[in-house]
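[1] attaching a predicted model along with its sequence, questions to come.
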Amino acid sequence: MFYALNTVNLNGPDTNFALNVVGVNTNANFRCIWGALDVRRMQFGLRVTF
């Protein structure tokens with residue numbers, strides 16, 4: 001359960017919409033996510049014993 005809440009932080013999708021003369025999108029990467037943000041560098045923990 002150590003990494004249960006550790007989720008991937010993805011970059012935003014490609015939003016470049018390029019139309020040709022006919023009006024068709026020529027950008028094959030439109031709305032594709034090509035990477036992720038940096039990983040978590042630090043984590044805090046607390047242990048309570050009664």
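    Here it is on my side, so go on. If you're wondering where the values come from, they're calculated on a predicted model, not measured in any experiment. Numbering: from 1, shown residues only.
[2] going by C-alpha atoms from here, please, whenever you check contacts or count neighbours.
    Will do.
[3] pLDDT weak spots in this structure?
    Within the chain, the ranges that satisfy pLDDT under 70 run 1-5.
[4] again, only using 50
    Regions of the chain meeting the criterion pLDDT under 50 are absent.
[5] point me to the residue sitting closest to the centre of it.
    The centre of the chain sits closest to residue 10, judged by C-alpha atoms, centre = their mean, with a distance of 0.7 Å.
[6] for that one, which non-adjacent residue is closest in space?
    Closest residue to residue 10 apart from its sequence neighbours, by C-alpha to C-alpha, 6 or more residues apart in numbering: residue 36 at 4.1 Å.
[7] burial count for that neighbour?
    11 (other C-alpha atoms under 10 Å).
[8] what's the separation between it and residue 11?
    Residue 36 sits 5 Å away from residue 11, going by C-alpha to C-alpha, to the nearest Å.
[9] correct me if wrong: the residue nearest to the centre of the chain contacts residue 33.
    Yes. Counting by C-alpha atoms under 8 Å, residue 33 is a contact partner of residue 10 at 7.3 Å.
[10] coming back round to it: list the contacts for the residue nearest to residue 10?
    Residues near residue 36 by C-alpha atoms under 8 Å, 6 or more residues apart in numbering: 8, 9, 10, 11.
[11] quick check on the residues you listed: which are buried?
    By neighbour count, with 16 or more other C-alpha atoms under 10 Å, the contacts of residue 36 hold no buried member.
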